[in-house]
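*Asks:* give me a 3D structure for the following:
(one chain, ligands or ions: 1)
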Amino acid sequence: MPELPEVEVTRRRIGPLLVGRRIERVLTTRPSYFFLTPPARLRAGLAGREVRDLARRGKYLVAELDDAARLVLHLGMTGQLFSARATSPRLISAGARSALHPEEQLRFEPDAHTHLRLVFADGGPEVFFRDVRKFGKVLLLRRGQSHPRIDRLGIDALELSGEALFAASRGRRAAVKALLLDQAVATGVGNIYADEALFRARIRPTRRAGSLARRDCDALAEAVRAVLLRSIETGGSSIRDYVAPDGADGAFQDERRVYARGGEACLVCGGRIRRVLVAQRGTHYCPRCQR
Ligand SMILES: [Zn+2]
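*Replies:* Residues are numbered from 1 along each chain as shown. Next up, the predicted model:
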């Protein structure tokens, strides 16, 4: 599932392809749960509008339009937001790819999973929202219209402080990993980044949140920010279906130290990485390095 870094990478890459451009028309698939705003209303509301800004709120992308309406996008599990210049062969099925001429192999053609397609007045590259499993969301908010999905989020994980984490952990019997995944504490930490941050801070994920000292919280908040920033720098993590909007795959997965490395050797001490369940999520840690 795309997490905060992937969404931020998407924002940085797709922003220049949206901001300052006027949408001429919008092509969609049929009405479905993917569209929180019905496709007919989306088409009518977006045609002729210019995109002024593309922001991120947690894992939501919010495009502000010239009539002060907001187009809200969530990538869900398998959503891909990219331009017609996408170059990843992973966007095209293997069968279709082999039938193409070599120089055509990297071009994307909209398919049945391409639920939203923005065509611009300048005739330049179109922008696609493709989602195989359709857990993504598209929502158009009128000027001044609020929505709990984006207007009631906790502190953005990139701005998490030790002070905030310490305050949120007081009296909590839950595991510290569960605290990190609590969206009311911080928005967008996500499973991979929680495990990696706990490893960096040398804190065991199963430890009771209330037992953390203030300095543990400082170290952990710093580790969360560092892991997320590093992932943004390397283009996000491309485990499973995530593909960056320009088709480039993320490299952060190569830097994982514990996540999905259960049974493998710890890169610091050589001990065996353990995998347990915390808050129903696969959780990876080194029993020697993390206390
Ligand atoms: Zn270790």
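
*Asks:* what residues does this protein put near the ion?
*Replies:* 266, 268-269, 271, 286, 288-289 (C-beta under 5 Å from the ion). C-beta coordinates here come from the backbone N, C-alpha and C atoms, glycine included.

*Asks:* now that we have these, which one has the most neighbours?
*Replies:* Among these, Cys286 has the most neighbours (other C-beta atoms under 10 Å), with 23 neighbours.

*Asks:* any chance you could map the helices in this protein?
*Replies:* Along the chain, counting by DSSP state H, helices occupy 4-18, 39-46, 94-98, 148-151, 162-169, 176-181, 191-200, 214-233.

*Asks:* quick one: contacts for the nearest residue to Val19 once chain neighbours are set aside?
*Replies:* Spatial nearest neighbour of Val19, chain neighbours left out: Val51 (5.3 Å); criterion: C-beta to C-beta, 6 or more residues apart in numbering. Contacts for Val51 were tallied using C-beta atoms under 8 Å, 6 or more residues apart in numbering; they are 18-21, 23, 63-66, 71.

*Asks:* what's the closest non-adjacent residue to Leu61?
*Replies:* Nearest non-adjacent residue to Leu61, counting by C-beta to C-beta, 6+ apart: Leu73, 4.5 Å away.

*Asks:* Arg204 contacts Arg288, doesn't it?
*Replies:* No - between Arg204 and Arg288 there is no contact under C-beta atoms under 8 Å: 10.4 Å.

*Asks:* ok, back up a step: any idea of the pLDDT on the residue nearest to Val19?
*Replies:* pLDDT for Val51: 98.

*Asks:* show me where the stretch 1-150 of the chain has strands.
*Replies:* Assigned by DSSP state E, counting those that start in this stretch, the strands in the stretch 1-150 of the chain fall at 23-28, 51-57, 60-65, 70-74, 79-83, 114-120, 127-131, 137-141.

*Asks:* could you single out the most deeply buried of the ones you listed?
*Replies:* Most buried of these, by mean neighbour count (mean count of other C-beta atoms under 10 Å): strand 79-83, with a mean of 26.

*Asks:* so which elements touch that strand?
*Replies:* Strand 79-83 makes packing contacts with helix 4-18, strand 127-131 when contacts are defined by 3 or more C-beta pairs under 8 Å, 6 or more residues apart in numbering; DSSP states H and E.

*Asks:* centre of the chain to the last one, how far?
*Replies:* Relative to its parent chain, strand 127-131 has a centroid offset of 15 Å by C-alpha atoms, centre = their mean, to the nearest Å.

*Asks:* excluding residues flanking it in the chain, which one is nearest Phe129?
*Replies:* Phe129 sits nearest to Leu116 (C-beta to C-beta, 6+ apart), 3.8 Å away.

*Asks:* sorry, that was for Lys134
*Replies:* Nearest to Lys134 is Phe34, by C-beta to C-beta, 6+ apart, at 4.7 Å.

*Asks:* so the one you found versus Leu139, what's the distance?
*Replies:* 10 Å (C-beta to C-beta, to the nearest Å).

*Asks:* repeat that for Phe82.
*Replies:* 20 Å.

*Asks:* can I get the helices and strands packed on strand 79-83 in TSV including distance to Ala223 and mean pLDDT?
*Replies:* Output for the helices and strands packed on strand 79-83, formatted as TSV (distance: least, C-beta to C-beta, whole Å; pLDDT from 0 to 100):
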stretch	distance to Ala223	mean pLDDT
helix 4-18	14	91
strand 127-131	31	94
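
*Asks:* residues near Ala112, how many?
*Replies:* Ala112 has 8 nearby residues by other C-beta under 10 Å.

*Asks:* phi first, then psi, for it.
*Replies:* phi -60, psi -20 (degrees, to the nearest 10).

*Asks:* which regions of the stretch 101-250 of the chain lie under the pLDDT threshold?
*Replies:* Applying pLDDT under 70 to the stretch 101-250 of the chain flags the ranges 101-107, 236-250.

*Asks:* name the nearest residue to the residue in the stretch 101-250 of the chain that the ion sits nearest to, sequence neighbours excluded.
*Replies:* Nearest residue of the stretch 101-250 of the chain to the ion (C-beta to the ion) works out as Phe199 at 8.2 Å. Using C-beta to C-beta, 6+ apart and skipping the chain neighbours, the partner closest in space to Phe199 is Val258 (4.6 Å).
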